[in-house]
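> sequence first, then the predicted structure, then my questions.
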Amino acid sequence: MNIYEGDRLPLQLNNTVVSVGTFDGVHLGHQVLIGRMREVASQYRAQTLVITFNPPPKMVLGSQSGLKLLTPENEKIDLLRKAGIDNLWVIPFTREFAQISHETFIEEYLAGRAGVRHLVMGHDHSLGKGKQAGFGDILKLAHRLGFSLEQIPALVSNQSAISSSFIRQALNEGKLETANNLLGYNYALRGAVVRGNQIGKLIGFPTANLRPESTDKLIPAYGVYACLIDWKKETFKGMSNIGTRPTLETQQLTIEANIFDFNEEIYHDEINIRLVHRVRDERKFGSLDMLKRQLMIDKEVITAYFNG
């Protein structure tokens, strides 16, 4: 996948099938749209091009204060690459850029720089200042500028349209399985392993403490999770705790994973924790011995889960 960053492309593209959007999560709805892009591109012998923005418009314009992302930029790039996109154009989003009209954006960016032949839109997508231009407005410009246009219907699950905001809500409410089903993959947290207070090791459950790669990443509801840990192209089963460790009264958010059948030194290494099942809420125990007994139970429950 070719990646272009900046207000202008370093070269003039031609004959592209384009979609524009935030693509946070690259969830099942996005995947359907991307599948359609690839189908049309094959028919036209064209290349696919996703145009996205960094930071996302909602974070700049303040429409959602404190918004956290399902997939910060590096994760989103990885997912779009896996989805088979040919080209990705990341445009810096500023308040000044937000003032550009849909006519200017379509004429100068889509037609003038990206060489759009066919534009694929999501069911609720709009363009330009104040997001005022919908499908009908864009269709008029498409006729004049010589490209075709289509809008993909909403992908619905349990009578609700799949959206990034719906998935964020599910994660915040501890509904991990719902979120994973709508994403089409297991929600993950990735970053470097840092040294903790060694309490886990003291009670027989050593943990890898994760420092997330991005501070913009959404951290799901606190609790204990069954997880898969990716490290150096290997995958291990384990259990993860997300929360403030109330038994230790630290009040500091910690993301830690006890990796089953593992005894490697991995400080400063990068790991990826894929959350596959939420076991229970985080809670405070009266002593470290009580915490240890509960962790033994958690491990039995998670082992049974992985064994089907």
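In hand now; what should we look at? Since the structure is predicted, the reported quantities are computational estimates derived from the model, not experimental observations.
> look up phi and psi at M239.
Per-residue torsions, M239: phi -130, psi 140 (degrees, to the nearest 10).
> could you do A179 as well?
phi -60, psi -50.
> so it makes contact with Y187?
Yes. A179 lies in contact with Y187 (C-beta atoms under 8 Å); the separation is 5.6 Å. (Glycine included, C-beta is placed from N, CA and C.)
> can you list residues touching both of those two?
Common neighbours of A179 and Y187 (criterion: C-beta atoms under 8 Å, 6 or more residues apart in numbering): 171, 220.
> SS state for the residue nearest to the spatial centre of the chain?
The residue lying closest to the centre of the chain (C-alpha atoms, centre = their mean) is T71, at 2.5 Å. Taken by DSSP: H, G, I helix; E, B strand; the rest coil, the conformation at T71 corresponds to coil.
> what about the residue nearest to it when sequence neighbours are not counted, helix or strand, and which?
Excluding the flanking residues, the one nearest T71 by C-beta to C-beta, 6 or more residues apart in numbering is G25, at 5.5 Å. Counting by DSSP states H and E, there is no helix or strand that carries G25.
> from what I see, G25 and K68 are in contact.
No. Between G25 and K68 there is no contact, the gap being 11.6 Å when judged by C-beta under 8 Å.
> please identify which of these two sits among more neighbours.
G25 (27 against 17; other C-beta atoms under 10 Å).
> next up, phi/psi of the more buried one, please.
Dihedral angles (degrees, to the nearest 10) for G25: phi 100, psi -20.
> how near is it to A192?
When distance is defined by C-beta to C-beta, to the nearest Å, G25 is 23 Å away from A192.
> re the thing from before, for the residue nearest to the centre of the chain, list the residues it contacts.
24-26, 79.
> look up phi and psi at it.
For T71, the backbone dihedrals (degrees, to the nearest 10) come out as phi -140, psi 100.
> quick check: it vs A83, distance?
For T71, the distance to A83 - C-beta to C-beta - is 12 Å.
> mutual contacts of these two, please.
With C-beta under 8 Å, 6+ apart as the test, T71 and A83 both reach V26.
> look at A179 and Y187 and report which has more neighbours.
Ranked by neighbour count (other C-beta under 10 Å), A179 and Y187 place A179 first, with 26 against 22.
> grab the nearest non-local neighbour of that one.
Computed as C-beta to C-beta, 6+ apart, the closest residue to A179 that is not its neighbour in sequence is A170, at 4.2 Å.
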